[in-house]
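**Student:** Sequence unavailable; structure follows:
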């Protein structure tokens, strides 16, 4: 009977909509959450088929024992249960053969409630009882069970939840209770008053719902495998190699979150897991964090000599010694943390929690749950030490968190470290987190488009994040950084020539260049090369950036944009402007360039400066371009050609058209040998330092990208990752180790406990020191979505229309438990309950 009741709850406690293909008769379930549709589908696969709702919000249920129903061994086909039979139609039972349940109320799911309930009335001539059907997180359901009933079933359910969670499954607990008609009518009035209240509506609704959801009877639990998308573990592993610190914020409970961390490569086989838990039981959150720092990172410098926590800006970047975690401080020796020493108990779950916690060579992963996170985010004292502990770990997993806490986590990292943050999510619960980050990425998929609509970038699958960051992010940062530097540089060259002339014009702000050349400097002469850099330049090809995630560290280190490199470019501009100005000035004024001996005009020598400055700036930009395509060639030489054509035409305009100060300058400019000798000489001298520096660096101080570019030049088709193993690849290309990983070198020779289970990483619960398992979490769905709002509106309208209608009194003397009709009991009297076998 428990099994059948469980299937009924799965088939009725939801907001799923149905559609039937008119040609094939296939039933398709459409839900806000794919998990909810999967549960309804599971009930249908076991013969309890939800047939939809009629216009009166009456839920139609077909059971294996409905009159004239098909055999339970062959339930009607649905879109996911019988894909092969899409071409065949199924015969639906007549309406009178279906069981009918009137939907009275839907108590919505929310991240705070962590449960969902429906109130239904069974529309049967013999049975018109009211039922409350509930599904939600196990901790929420267990605390609302009726005391002293179903203790054996509760123990079996807890054991099943442990097994499910250890396999990384997402769990849900089911319960119900029977409601009397008189109690429901009184409750419905209070619920209606709460829903129309103008003050504290949410709090009042929650209080009324919680009042009804008490004294429940447990039915069991379900579990769903939340399978990862293709390429998720590989993507996370490569992001870690790129040096990106990964924080996972999930609504799953602790054990499920740890299992997901293993399956996604966030937690390695030899990782050490630090667990921080909140709640009324165990030690205070601050003491847990302090003890974790003292136990595993005694030389980190977070705690000063007086035992106080340093500010995050005052922590030394280099520890005084290697942060060697062993031998670890015994909790019963030296200084005992507040609250007494931690005690460790053997619970027999050695496949998940090892005996060498803190001494494994795989680094540390911090796991913190929602209640502890709520305390840690409450004040600056907790925030500072939590953030410093998290930065010593290779990864952080925040479990059982609400949407608001996800956003607060992002702000903690963003404001506390001043770093660039990226948030990625696929559901409505991730919207606040995506909006709080510097860069928001939404995944379009089964969870809807709420995250996509709130994000900066949209991708179809998580694995595309690797290319978005390692390729397009790498190219974008390099292109923008290089373009900005070259843009400022070329303006320094122009302004430098004008500034040097002020020495000879008594600082009167007179222009040495003819004014139109100055006007067109950024419009025509030098604009094309920097645009080409911003659009087409790249340091390495996309397949090399994907094969070597370690190359992403150049962007994180600010290699291509920063005050140092900016100063170098500005110095280049000042130096080159001095070469252009002084070399040409003293060449022209020392000995006249004219054959008749007359002195030269200022525009005669300044036009030569324009040519030299334009050619030098464009060629310098070309020298800083790493990928020369046809467009780059066009851009570099476009300004040179334009300035030449403009000079020829502009100097030929006679005063009959309009007066120019340079009319006839062509006669002296292009006939002068100084012009033809100054151009190559000034360009050569100006570019020589940069060329020598690039040649020296490529020959003697080549970095990883230079080496890969060199190999690609002479062996374009070679597969570098296959030719060299991870250990034999160029040393800087190795994965950047965290502080915790570097501290493990001295203990890398310690024996590691063998385990065939992939969850062999050790775990320390800083709250109690007890080694124990925890279970998964319930399934999230969109809060206050369009579908649930429409359903609630329909129920409210029905209630208002029925307020003045006479109510039929319930039948007396009915058994107060959830059962099917008597004929169902007779047919199953000799059957053995699968849940009890």
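**Tutor:** Nice, I can see it. As the structure is a prediction and not an experimental result, all values here were calculated from the model. Numbers count the residues shown, from 1 in each chain.
**Student:** Tell me where the stretch 1-150 of the chain has helices.
**Tutor:** In the stretch 1-150 of the chain, the segments counted as helices under DSSP state H, counting those that start in this stretch are 2-12, 34-45, 138-142.
**Student:** Adding distance to residue 410 and mean pLDDT as columns, could you present these in JSON lines?
**Tutor:** All C-beta atoms are positioned from the backbone trio N, CA, C, and that covers glycine. Shown next, in JSON lines, are those (distance: least, C-beta to C-beta, whole Å; pLDDT from 0 to 100):
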{"stretch": "helix 2-12", "distance to residue 410": "35", "mean pLDDT": "86"}
{"stretch": "helix 34-45", "distance to residue 410": "25", "mean pLDDT": "87"}
{"stretch": "helix 138-142", "distance to residue 410": "26", "mean pLDDT": "87"}
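**Student:** just those helices: most buried one?
**Tutor:** Sort these by mean neighbour count, taking mean count of other C-beta atoms under 10 Å, and helix 2-12 sits at the top with a mean of 23.
**Student:** From the contact counts, what lies against that one?
**Tutor:** Helices and strands touching helix 2-12, by 3 or more C-beta pairs under 8 Å, 6 or more residues apart in numbering; DSSP states H and E, are helix 34-45, strand 49-53, strand 58-62, strand 130-136, strand 170-179, strand 217-224.
**Student:** To residue 591, which of these lies closest?
**Tutor:** helix 34-45 (85.2 Å; C-beta to C-beta).
**Student:** what bits of the stretch 451-600 of the chain have low per-residue confidence?
**Tutor:** Where the stretch 451-600 of the chain drops to pLDDT under 70, the residues are 593, 595-597, 599.
**Student:** still on that earlier bit, of the helices and strands packed on helix 2-12, which approaches residue 204 most closely?
**Tutor:** With C-beta to C-beta as the criterion, residue 204 lies closest to strand 130-136 of the helices and strands packed on helix 2-12, at 19.0 Å.
**Student:** What is that closest one packed up against?
**Tutor:** If you count contacts as 3+ C-beta pairs under 8 Å, 6+ apart, strand 130-136 packs onto helix 2-12, strand 115-122, strand 170-179.
**Student:** thinking again about what came up before, ok, which of the helices and strands packed on helix 2-12 comes nearest residue 458?
**Tutor:** Of all those, helix 34-45 comes closest under C-beta to C-beta, at 18.8 Å.
**Student:** check contacts around residue 537.
**Tutor:** 478-479, 482, 625-627, 632 (C-beta atoms under 8 Å, 6 or more residues apart in numbering).
**Student:** typo on my end, it should be residue 413
**Tutor:** Contact analysis of residue 413 by C-beta under 8 Å, 6+ apart lists 247, 387, 419, 421.
**Student:** go with 7 Å
**Tutor:** Listed by C-beta atoms under 7 Å, 6 or more residues apart in numbering, the contact set of residue 413 reads 247, 419, 421.
**Student:** what residues does the helix or strand containing residue 365 touch?
**Tutor:** Here residue 365 sits within strand 364-369, counting by DSSP states H and E. Contact with strand 364-369 is made by 254, 257-258, 261, 266-267, 271-278, 296, 389-390, 392-400, 740, as judged by C-beta under 7 Å, 6+ apart.
**Student:** Tell me the strands beside it, with direction?
**Tutor:** As defined by DSSP bridges, the strand partners of strand 364-369 come to strand 272-276 (parallel), strand 395-399 (parallel).
**Student:** would you turn those into CSV with mean neighbour count?
**Tutor:** Output for the strands paired with strand 364-369, formatted as CSV (neighbours: other C-beta atoms under 10 Å):
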stretch, mean neighbour count
strand 272-276, 27
strand 395-399, 26
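**Student:** quick one, helices of the stretch 201-350 of the chain?
**Tutor:** Under DSSP H, counting those that start in this stretch, the stretch 201-350 of the chain gives helices at 201-212, 232-241, 254-263, 285-296.
**Student:** now the last one and strand 272-276, what's the angle there?
**Tutor:** Using axes from the mean of the first three to the mean of the last three C-alpha atoms, to 10 degrees, the inter-axis angle of helix 285-296 relative to strand 272-276 is 160 degrees.
**Student:** For burial, what's the neighbour tally of residue 405?
**Tutor:** By other C-beta atoms under 10 Å, 21 other residues sit near residue 405.
**Student:** Quick check: pLDDT value at residue 701.
**Tutor:** Looking at residue 701, its pLDDT reads 92.
**Student:** Distance of it relative to residue 291?
**Tutor:** Note on residue 701: its distance to residue 291, by C-beta to C-beta, to the nearest Å, is 46 Å.
**Student:** follow-up on the earlier one: can you check which of the strands paired with strand 364-369 gets nearest to residue 175?
**Tutor:** It is, among these and with distance given as C-beta to C-beta, strand 395-399, at 23.2 Å.
**Student:** For the closest one, what is the distance to the chain centroid?
**Tutor:** How far strand 395-399 lies from its chain's middle: 12 Å, per C-alpha atoms, centre = their mean, to the nearest Å.
**Student:** going on from it, what's the next piece of helix or strand?
**Tutor:** Following strand 395-399 toward the C-terminus (DSSP H and E): helix 403-417.
**Student:** Quick check: which ranges of the stretch 1-150 of the chain have low pLDDT?
**Tutor:** Along the stretch 1-150 of the chain, the model assigns pLDDT under 70 to residues 55-56, 66-96, 111, 125.
**Student:** Return the members of the contacts of residue 537 classed as buried.
**Tutor:** 478-479, 482, 625-626, 632 (16 or more other C-beta atoms under 10 Å).
**Student:** Can you tell me which of these is nearest residue 28?
**Tutor:** Nearest to residue 28 among the buried ones among the contacts of residue 537 is residue 479, at 46.6 Å by C-beta to C-beta.
**Student:** which residue sits closest to residue 455, ignoring its sequence neighbours?
**Tutor:** Excluding its sequence neighbours, the residue lying closest to residue 455 (C-beta to C-beta, 6 or more residues apart in numbering) is residue 442, at 3.4 Å.
**Student:** On the strand side of things, show who that neighbour bridges to.
**Tutor:** Counting by DSSP bridges, residue 442 is bridged to residue 425, residue 458.
**Student:** For it, give its distance to residue 170.
**Tutor:** Separation of residue 442 from residue 170 (C-beta to C-beta): 22 Å.
**Student:** List of residues touching stretch 675-691?
**Tutor:** Contacts to stretch 675-691, defined as C-beta under 7 Å, 6+ apart, come from residues 572, 576, 579-580, 583-584, 587, 608, 611-612, 615-616, 619-620, 623, 669.
**Student:** contacting residues around the closest residue in space to residue 106 that isn't next to it in sequence?
**Tutor:** Excluding the flanking residues, the one nearest residue 106 by C-beta to C-beta, 6+ apart is residue 118, at 5.4 Å. By C-beta under 7 Å, 6+ apart, residue 118 lies in contact with 12-13, 103, 105-106, 133.
**Student:** Out of the helices and strands packed on helix 2-12, flag the one nearest residue 600.
**Tutor:** Taking C-beta to C-beta, helix 34-45 is the member of the helices and strands packed on helix 2-12 nearest to residue 600, at 80.6 Å.
**Student:** got the angle between that closest one and strand 115-122?
**Tutor:** 40 degrees.
**Student:** Report all helices and strands that helix 34-45 contacts.
**Tutor:** helix 2-12, strand 27-30, strand 49-53, strand 217-224 (3 or more C-beta pairs under 7 Å, 6 or more residues apart in numbering; DSSP states H and E).
**Student:** Throw these into JSON lines and include distance to residue 469, thanks.
**Tutor:** Below are the helices and strands packed on helix 34-45 laid out as JSON lines (distance: least, C-beta to C-beta, whole Å):
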{"stretch": "helix 2-12", "distance to residue 469": "40"}
{"stretch": "strand 27-30", "distance to residue 469": "34"}
{"stretch": "strand 49-53", "distance to residue 469": "42"}
{"stretch": "strand 217-224", "distance to residue 469": "30"}
